[in-house]
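Participant: I would like to see how this sequence folds:
(one chain, ligands or ions: 3)
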Amino acid sequence: MQNDIKEILFTEEEIAEKVKELGQQISKDYSGENLTVVGILKGSNIFMGDLIRKIDIPLSIDFMVVSSYGQSTESSGVVKVLKDLEYSIEGKNILIVEDIIDTGLTLDYLKENLLRRKPKSLKICTLLDKPARRKVDLKVDYIGFEIPDAFIVGYGIDYAERYRNLPYVAVLKEEVYQ
Ligand code: PRP
Ligand code: MN
Ligand code: MG
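Facilitator: Ligands and ions are numbered 1, 2, ... in the order given. Now for the predicted structure:
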C-alpha cells in the first residue's frame, strides 16, 4: 500500500491538530444551540469519528451514503443516494461533514436536497478543499486544509475503494491510476 504513495501531504499528528482546532471552533459557534452532525459516507467516516470527539457540546449524528465517483478518478456528476438520513432535520442546525471537496458537485446536490427539508441552518465542514477543480460556486464554512490538484488518498479517502485506512493524507502515484 505504501509503495503506491508519492508523497505524504499531512501526517497523523498534523491532522489531529487541525481536527482539534475545528472541533473547538465548532463548539464555540454552536454553543447553546442544538446541533446535528451529518456525515457523508463513506469518505467522511474517519474524519467524522475524530471530529465529533473534539466537539464538547451536546449533539446528534446521522449519516447519508452517497457516491459520485465509484471506481473512477473522475466525478460522474451524478450523485447517487445509497442511504438517506434516518431522522427529519426540520428546524435543526445541520453541519455536513465531508472528507474532501473537489468539483463541489456532491455538496451542491446535497445542499439543495437538505435545504428542501427546512433545517434551521445548514453549514459545511470539510477536512480537505481542492478549489482548483471546482465546477460550482459553493460556500464552505469550515475547511481543514486547502490542497493542490493531485489525486489524494488516505484518512477515509479512497481510490477505487482502496487506501481509506491510511492514517495520513497522501498523493497517489500517477502510475497507480493511469
Ligand atoms: C468523494 C468524496 C466526496 C466527493 C467529492 O466521494 O468523499 O464525497 O467525492 O468530490 P466532488 O466535490 O467532485 O463531488 P465518492 O463519490 O468517491 O464516494 P465515497 O465517499 O464513498 O468515496
Ligand atoms: Mn464521499
Ligand atoms: Mg470515493
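
Participant: Surely residue 169 and residue 16 touch.
Facilitator: No: taking contacts as CB atoms under 8 Å, residue 169 lies outside contact range of residue 16: 11.9 Å. Where you see a C-beta, it was placed from the backbone N, CA and C, and this is true even at glycine.

Participant: So those two - more neighbours on which side?
Facilitator: Under the criterion of other CB atoms under 10 Å, the comparison of residue 169 against residue 16 puts residue 169 first, with 25 against 14.

Participant: So what sits opposite that one in the bridge?
Facilitator: Beta-bridge partners recorded for residue 169 (DSSP bridges): residue 10.

Participant: Can you show me the helices along the protein?
Facilitator: Along the chain, counting by DSSP state H, helices occupy 12-29, 45-52, 105-115, 174-177.

Participant: what's the burial count for the closest residue to residue 154 other than its chain neighbours?
Facilitator: Nearest in space to residue 154, with sequence neighbours left out and distances taken as CB to CB, 6 or more residues apart in numbering, is residue 166 at 3.4 Å. With neighbours defined by other CB under 10 Å, the count for residue 166 comes to 21.

Participant: now do residue 167
Facilitator: Around residue 167 sit 13 other residues, with neighbours defined as other CB under 10 Å.
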